[in-house]
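1. A predicted structure for the sequence below; I have some questions about it.
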Amino acid sequence: MNKTLNREERKDIYGWMQKLFSQDLPVIPLWYQKNIVIYSNRIQNVRLRPDGSFEWMMDVTKDQIKN
């Protein structure tokens, strides 16, 4: 069947199409979080995350001060 005017059948078809598209199409984000960090050379393991979260802070380490 190529077309239908029955509202319930159309609702089912559109629901099926939305489910299909949501599983098969790639996700294209419409926004991004700008992440800017300024840090000293003594700080290591700074790897910003593309989602803008601050979880990267758990991996940061600091060098020991050498005299």
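-> Right, received. Where do you want to start?

2. Report the separation between the nearest residue to R10 once chain neighbours are set aside and Y14.
-> Excluding the flanking residues, the one nearest R10 by Cβ to Cβ, 6 or more residues apart in numbering is T4, at 6.0 Å. Heads up, the C-betas are built off the backbone N, CA and C, glycines and all. When distances are taken as Cβ to Cβ, to the nearest Å, T4 and Y14 turn out to be 11 Å apart.

3. And Q44, by the same measure?
-> From Q44 across to Y14, the span is 52 Å (Cβ to Cβ).

4. Can you name the residues that contact E55?
-> Taking Cβ atoms under 8 Å, 6 or more residues apart in numbering as the definition of contact, the neighbours of E55 are R49.

5. just Y32 next, same as before
-> Contacts of Y32 were listed using Cβ under 8 Å, 6+ apart, and they are 50, 52.

6. Tell me the secondary structure at it.
-> Three states are possible here, and by DSSP: H, G, I helix; E, B strand; the rest coil the one that applies to Y32 is coil.

7. before we move on, what SS does the residue nearest to R10 have?
-> Following three-state DSSP, the label given to T4 is coil.

8. I'd assumed D12 was in contact with it.
-> No: counting by Cβ atoms under 8 Å, T4 stays clear of D12, with 9.6 Å between them.

9. In space, not sequence, find me the middle residue of the chain.
-> Compute the mean C-alpha point of the chain, and by Cα atoms, centre = their mean the closest residue is D51, 5.3 Å away.

10. roughly how far apart are it and K3?
-> 42 Å.
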